[in-house]
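Colleague: sequence unknown, structure follows:
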């Protein structure tokens, strides 16, 4: 069975921000998919971006 791979990989990043022992930073998604759901902050990284 053969696999196909994209020409350019997509890199996603996410972070966990903790304050003290009881607080974690969450964001509410404003755009689809999963609009209105709470999630950890993150996003995509462009090739060559550091």
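Modeller: Structure's in. What do you need? Computed from a predicted model, the values in this text were never measured in an experiment. Numbers count the residues shown, from 1 in each chain.

Colleague: Run through the protein and note the low-pLDDT ranges.
Modeller: Low-confidence segments of the chain (pLDDT under 70): none present.

Colleague: mind listing the strands for it?
Modeller: Secondary structure of the chain by DSSP state E: the strands cover 11-14, 18-19, 23-24, 27-28, 38-39, 42-45.

Colleague: How about residue 15: what's its closest non-neighbour residue?
Modeller: residue 41 (5.6 Å; CB to CB, 6 or more residues apart in numbering). In this view, the C-beta of every residue, glycine as well, is placed from N, C-alpha and C.

Colleague: Check residue 24 too.
Modeller: residue 18 (5.6 Å).

Colleague: what number of residues lie near that neighbour?
Modeller: By other CB atoms under 10 Å, the residues close to residue 18 number 9.

Colleague: tell me the contacts of the residue nearest to residue 15?
Modeller: If you count contacts by CB atoms under 8 Å, 6 or more residues apart in numbering, residue 41 has them with 14, 15, 17, 25, 26, 27.
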